[in-house]
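Student: what follows is a predicted structure for the sequence shown.
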Amino acid sequence: MNPYNYPDFEPDFDLQLNETNRRWLRYAVKFPVARPTRYKENNVAYGEYYQPRQDTKWPLAILVHGWGDRSVLPCRLLARDLCKKGIAGFILYLVFHQRRMPDVIKERLPNLTPTEWFEGYQTSVIDIRQIIDWAGKNKDINKDHIAVIGISLGGIISAISMGIDKRIAAGVILVAGGNYQGGAWLRRTEPGYTEAEYSQSQNLYIQYLREVAEKGIDKVTPSKKSYLTDPMTFATYLRQRPLLMLNAMWDERIPKQGTIDFWEACGKPEIKWYPATHSYIWLLYPLLLRQIMIFLKSTFSI
């Protein structure tokens, strides 16, 4: 079962030039989603496209923010700094951004139903895949050099997207993790469970992961829909692919064990730990930027 497939859909992206300077052009972007939801506010995606001034074909980094509108700010910093190095940036506003939320959802945040969470992930991954469709038809973008850079919730969505779509050549996952069925997560989300229930939940998920690795995501039906929103489900498709993980040592939101479980499932790609909490890691922005640039330059030979 792959909920992230979508109908063949010709990219219909509307770009409006909003800002120019000697380093980049910035466009406001909107496009219709390929798989509409029951909420009309979700059915138009918005974003920002930063285009370098260089004349050569440039790589593209799709930047995916985390929970809360303020998490777009580090994406803008990254997009501008990447542009200076000749890498285009596309910031996607997720359906979890206020601009795309219906009032009925805003009134209940963060208490969404399991179906609403699932639909949010589904729409977000498909939005990223539509951006890749558009990039593939843009003569100025090197379609073989497309990366995702995701922060927190956006990191989880980016990891799923990369696992689903082989056109993504590289991924940078910041302050994120996986294995929601493990005790590290469940002790936070399901505090009433017994240790036996924690263990049973983990064992069922591990069996599902084995079947996915053996048969493929399309041929295995999960016993829980939440398996399909866990990046660890897609880790088997991330092995041996360029992946960089940047994490906070004292992350109060993402259990460290969940990050380690995901890292191991991905084949232990490059990982860096910084002396910071989940949000305050951005005080170390120069260090993060340096690591991201080293990784992208090495991966794309630029």
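Tutor: Nice, thanks for sending it over. Numbering: from 1, shown residues only.
Student: so how far is V220 from H145?
Tutor: Taking CB to CB, to the nearest Å as the measure, H145 falls 32 Å from V220. In this view, the C-beta of every residue, glycine as well, is placed from N, C-alpha and C.
Student: neighbour count for those two, which is higher?
Tutor: Using other CB atoms under 10 Å as the criterion, H145 and V220 rank with H145 on top: 21 against 18.
Student: quick check, that one in a strand?
Tutor: Yes. Using DSSP: H, G, I helix; E, B strand; the rest coil, the secondary structure at H145 is a strand.
Student: how many residues are close by K219?
Tutor: Other residues near K219 number 11, with proximity taken as other CB under 10 Å.
Student: for it, give me phi and psi.
Tutor: With angles defined as degrees, to the nearest 10, K219 shows backbone torsions of phi -110, psi 10.
Student: can you give me the pLDDT of it?
Tutor: In the predicted model, K219 carries a pLDDT score of 93.
Student: relative to A235, how far out is it?
Tutor: Look at K219 and A235: by CB to CB, they are 17 Å apart.
Student: repeat that for K268.
Tutor: With the distance defined as CB to CB, K268 ends up 11 Å from A235.
Student: between the two, which one's more packed in?
Tutor: In this view K268 and A235 are compared by other CB under 10 Å, and A235 has more residues nearby, 24 against 12.
Student: residues contacting that one?
Tutor: Contacts here follow CB atoms under 8 Å, 6 or more residues apart in numbering; on that basis A235 touches 159, 163, 178, 209, 262, 265-266.
Student: try it again at 10 Å.
Tutor: A235 is in contact with 159, 163, 178-179, 209, 212-213, 243, 261-267, counting by CB atoms under 10 Å, 6 or more residues apart in numbering.
Student: helices - which of the residues you listed land there?
Tutor: Assigned to helices by DSSP state H, the following of those qualify: 159, 163, 209, 212-213, 261-265.
Student: what's the burial count for E197?
Tutor: Using other CB under 10 Å, E197 has 13 neighbouring residues.
Student: now P269
Tutor: Residues lying near P269 (other CB under 10 Å) number 16.
Student: just the one 10 residues further on next, same as before
Tutor: Here the number of neighbours of S279 (other CB under 10 Å) works out to 17.
Student: same question for W67.
Tutor: For W67, the neighbour count with other CB under 10 Å is 16.
Student: now it. Nearest residue, chain neighbours left out?
Tutor: Among residues not flanking W67 along the chain, L153 sits closest, at 4.8 Å (CB to CB, 6 or more residues apart in numbering).
Student: quick one: residues contacting the closest residue to I260 other than its chain neighbours.
Tutor: For I260, the nearest residue in space outside its immediate sequence neighbours is G177; the separation is 7.8 Å by CB to CB, 6+ apart. For G177, the set of contacting residues under the criterion of CB under 10 Å, 6+ apart consists of 152, 155-156, 159, 184-185, 230-232, 245, 247, 251, 253-263.
Student: need the buried ones from those residues selected in ChimeraX.
Tutor: In ChimeraX syntax, the buried subset of the contacts of G177 is picked out as below (16 or more other CB atoms under 10 Å):
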select :152,155,156,159,184,185,230,231,232,245,247,251,253,254,255,258,259,260,261,262,263
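Student: I'm done for today, thanks for sticking with me.
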